[in-house]
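>>> Predicted coordinates and the sequence they were generated for:
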Amino acid sequence: MMTCAWIPMDNRDCAYPCSSGCTIAIFAPCTAPTTMRGGFVALLASARRTLAFTGQCVFRGYCRRKYRVVAPLRYPGHGLQMVAAYFGQMAPGGRIVITAALQAGDEMRRVQRIAYRVRQLQLLHPGFASDSKELWQTDAMWQPLRFAIEKLLTCYDWAESFVATNLVLKPLLDEFFMKHFSDLALREGDYLLGRIFYSLNEDCRWHREWSQALIRMVIEEDRHNAAVIQGWIEKWYPVAARGLQAFAPVFEGKLKDTPMVPLEGVTQKVDKCYRDFLSGIGLQPSSSAT
């Protein structure tokens, strides 16, 4: 799949200029990131011959229980893919449609990478992660995030759906898992999973970048839009925050039956990253975040 990034252009070069001279009109392939991601496919395929695939590193106490967090991540990943496809389909402009479709494809890439890694481990350890669906549906840790995803899937206003997903839930979820869970995996010796998540985090970064570009344009077109967008952030932030806060024990070393040294300050780092993300487009986190 072609991976894209926004390239700023002015109206002189844009085939479909808008009145504000927006800078999100054109995107182009980034061959280097695509090549690197292809390398991770090869890395997964060759993992049978490595320590990463033998399971010696990942089954040292850390892994069987931590994959309780990783394996079910396929389900919210599918949910985010469906939401991106929905608000892209309903969007009022072709450029948004195409970009949202590319984001939906990236979400499927994330699901596929996790599924591939889980299957590798199942070949060595039959029954491994076979309870993923049950965990997603019944485990107390997953239910707040499941509620958030299912609530998003019933949000039919395309603009609110976009804001709730790309300005609220996804920035928090992506930073929590693709960045900080990567750090945790690397620290615990699961180098393959850590590197996969770091690679997927590149997708997440450009999702945030195109979302910022679109919101800047919308606010520049009509300043009243900022209040509407802020209202949706206020509405959806508590739902998203509850979904992610349920995973705090994983990083604090408090997950039941899983003694480990905590990864300090994750919640604070995620909060700071989110505040910086919103402040970059003139918005603020929900007042409930203070």
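Nice, thanks for sending it over.
>>> buried sites along the helix or strand that contains Asp271?
Assigned by DSSP states H and E, Asp271 falls within helix 266-279. Using 16 or more other Cβ atoms under 10 Å as the test for burial, helix 266-279 gives 266-267, 269-271, 273-274, 277-278. Every C-beta, even on glycine, is put in place using the N, C-alpha and C of the backbone.
>>> Any chance of a markdown table for those residues, columns distance to Gly194 and pLDDT?
Shown next, in a markdown table, are the buried residues of helix 266-279 (distance: Cβ to Cβ, whole Å; pLDDT from 0 to 100):
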| residue | distance to Gly194 | pLDDT |
| --- | --- | --- |
| Val266 | 15 | 84 |
| Thr267 | 20 | 85 |
| Lys269 | 17 | 90 |
| Val270 | 17 | 91 |
| Asp271 | 22 | 91 |
| Cys273 | 18 | 94 |
| Tyr274 | 22 | 95 |
| Phe277 | 23 | 96 |
| Leu278 | 27 | 96 |
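>>> Let me know the closest of these to Gly77.
Nearest to Gly77 among these: Val270, at 18.4 Å, using Cβ to Cβ.
>>> Next, the angle from the helix or strand containing Glu202 to helix 266-279.
Taking DSSP H and E as the definition, one finds Glu202 inside helix 191-221. Compare the direction of helix 191-221 with that of helix 266-279 by axes from the mean of the first three to the mean of the last three Cα atoms, to 10 degrees and you get 30 degrees.
>>> Report the rounded mean pLDDT for the helix or strand where Gln103 lies.
Element membership for Gln103 (DSSP H and E) is helix 94-124. In this model, helix 94-124 carries a mean pLDDT of 93.
>>> rewinding a little: I'd like to know which elements the helix holding Glu202 is packed against.
Applying 3 or more Cβ pairs under 8 Å, 6 or more residues apart in numbering; DSSP states H and E, one finds that helix 191-221 makes contact with strand 4-7, helix 31-45, helix 51-54, helix 94-124, helix 170-174, helix 182-187, helix 224-245.
>>> looking at these, which is buried most?
helix 170-174 (a mean of 22; mean count of other Cβ atoms under 10 Å).
>>> residues making contact with that one?
For helix 170-174, the external contacting residues (Cβ atoms under 8 Å, 6 or more residues apart in numbering) are 76, 80, 145, 201, 204, 207-208, 240-241, 243-244, 270, 273-274, 277.
>>> Find the pair from those residues with maximum spatial separation.
Across the contacts of helix 170-174, the two lying at the largest distance from each other (Cβ to Cβ) are Asn201 and Ala241, at 20.4 Å.
>>> picking up where we left off before, and the angle from the helix holding Gln103 to helix 191-221?
170 degrees.
>>> What is the burial count for the residue lying closest to Arg113 once chain neighbours are set aside?
Excluding the flanking residues, the one nearest Arg113 by Cβ to Cβ, 6 or more residues apart in numbering is Ile196, at 5.3 Å. Taking other Cβ atoms under 10 Å as the criterion, the count of residues near Ile196 is 25.
>>> and Ala85, how many neighbours?
The local packing of Ala85 (other Cβ under 10 Å) involves 18 other residues.
>>> Assess the claim that it and Ala101 are in contact.
Yes. Between Ala85 and Ala101 there is a contact under Cβ atoms under 8 Å: 7.0 Å.
>>> Flag every buried residue along stretch 151-161.
152, 155, 158-161.
>>> Let's see stretch 79-88 as PDB, backbone CA atoms only.
Taking Å, rounded to 0.1, in the frame of the first residue of the first chain, the C-alpha atoms of stretch 79-88 are listed here in PDB:
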ATOM      1  CA  GLY A  79     -13.300  -0.500  14.700                       C
ATOM      2  CA  LEU A  80     -11.000   2.500  13.900                       C
ATOM      3  CA  GLN A  81     -10.700   1.200  10.300                       C
ATOM      4  CA  MET A  82     -14.500   1.200   9.900                       C
ATOM      5  CA  VAL A  83     -14.800   4.700  11.400                       C
ATOM      6  CA  ALA A  84     -12.200   6.100   9.100                       C
ATOM      7  CA  ALA A  85     -13.900   4.500   6.100                       C
ATOM      8  CA  TYR A  86     -17.200   5.900   7.300                       C
ATOM      9  CA  PHE A  87     -16.200   9.500   7.700                       C
ATOM     10  CA  GLY A  88     -14.200   9.300   4.500                       C
END
